[in-house]
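S.K.: Okay, sequence plus prediction incoming.
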Amino acid sequence: MKGLAGLLSNDSLFGGRLVCRQYKQGYRFSVDAVLAAHFLEPQPGDTVLDLGCGSGIISLILAYRHPGVRITGIEVQSELADLAGQNVIANNLIGRVGIIHGNLRHIEELVAAESFANVVCNPPYRQPEKGRVSRNDQRARARHEIDAGLDDIVRAASFAVKNRGSVTVVYPAGRAVTLFAALRSRRLEPKRLQPVYGFPGSV
């Protein structure tokens, strides 16, 4: 996006060893993405698909923590896909992390079937008709199911993941039943669950 260079901030993780540039006023990654990247434990030599990668934070963390894996991120918003590519370059991860600008609703046009050992996604949680939609386009599309709904995301994950591969999704507890039903409709059986509480004692 022309003219947005001055609206970027440099955020770092792992004591400054990993840098992620983000838009100050647009989409910014949350702790959910960080949790997803730490929950997934790929094996050396694995391939990972990051659906809706945003600025690339999950891909960056996975590449940093697991030097033996190769990661592909898919992002529908062109400015975020470009930014994710810049973050790959800034962290010297060319060759290990690749970014595709595309819509996961057309996953068949973007990647080969059953080509990834692991799929990870931090999807929009909110349905378009529920809750206040942000006036900021980037934030709205990251938080609400505008570009793709849960069924689209699960279908894309099912298409891309190998037999006996893993799919990792961060999702609110209040919609867990909906998520499990969507996964099972695509023959993806939930195996491991990690509850996360907003603050100590919020059980």
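M.R.: Cool, the structure landed.
S.K.: In stretch 55-72, which residues are buried?
M.R.: Taking 16 or more other CB atoms under 10 Å as the neighbour-count basis, stretch 55-72 is seen to contain the buried residues 55-63, 66, 69-72. In this view, the C-beta of every residue, glycine as well, is placed from N, C-alpha and C.
S.K.: Can I get the residues you listed in TSV including secondary structure, distance to residue 34 and pLDDT?
M.R.: Shown next, in TSV, are those (DSSP: H, G, I helix; E, B strand; the rest coil; distance: CB to CB, whole Å; pLDDT from 0 to 100):
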residue	secondary structure	distance to residue 34	pLDDT
55	coil	12	94
56	coil	13	96
57	helix	7	96
58	helix	8	97
59	helix	12	98
60	helix	10	98
61	helix	7	98
62	helix	11	98
63	helix	14	98
66	coil	15	98
69	coil	17	98
70	strand	21	98
71	strand	15	98
72	strand	20	98
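S.K.: Quickly name whichever of those residues is closest to residue 174.
M.R.: Minimum separation from residue 174 among those (CB to CB) is found for residue 58, which lies at 22.5 Å.
S.K.: which strand of this protein spans the most residues?
M.R.: Longest among the strand segments of the chain by residue count, using DSSP state E, is strand 161-169.
S.K.: Partner strands of that strand and their direction?
M.R.: Listed by DSSP bridges, the sheet partners of strand 161-169 and their directions read strand 116-121 (parallel).
S.K.: Need the residues that contact the strand it pairs with.
M.R.: Under the contact criterion CB atoms under 8 Å, 6 or more residues apart in numbering, strand 116-121 has outside partners 36-37, 40, 42-43, 46-52, 58, 62, 72, 153, 157, 160-162, 165-170.
S.K.: how about the longest helix seen in the chain as PDB, C-alpha atoms only?
M.R.: If each helix of the chain is counted by residues according to DSSP state H, the longest one is helix 78-90. Taking Å, rounded to 0.1, in the frame of the first residue of the first chain, the C-alpha atoms of helix 78-90 are listed here in PDB:
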ATOM      1  CA  SER A  78      -2.600  -7.900  -0.700                       C
ATOM      2  CA  GLU A  79      -1.000  -5.400   1.700                       C
ATOM      3  CA  LEU A  80      -0.600  -8.000   4.400                       C
ATOM      4  CA  ALA A  81       0.800 -10.600   2.000                       C
ATOM      5  CA  ASP A  82       3.300  -8.000   0.900                       C
ATOM      6  CA  LEU A  83       4.200  -7.200   4.500                       C
ATOM      7  CA  ALA A  84       4.600 -10.900   5.400                       C
ATOM      8  CA  GLY A  85       7.000 -11.200   2.500                       C
ATOM      9  CA  GLN A  86       9.000  -8.200   3.800                       C
ATOM     10  CA  ASN A  87       9.100  -9.900   7.300                       C
ATOM     11  CA  VAL A  88      10.400 -13.100   5.700                       C
ATOM     12  CA  ILE A  89      13.200 -11.100   4.100                       C
ATOM     13  CA  ALA A  90      13.900  -9.100   7.300                       C
END
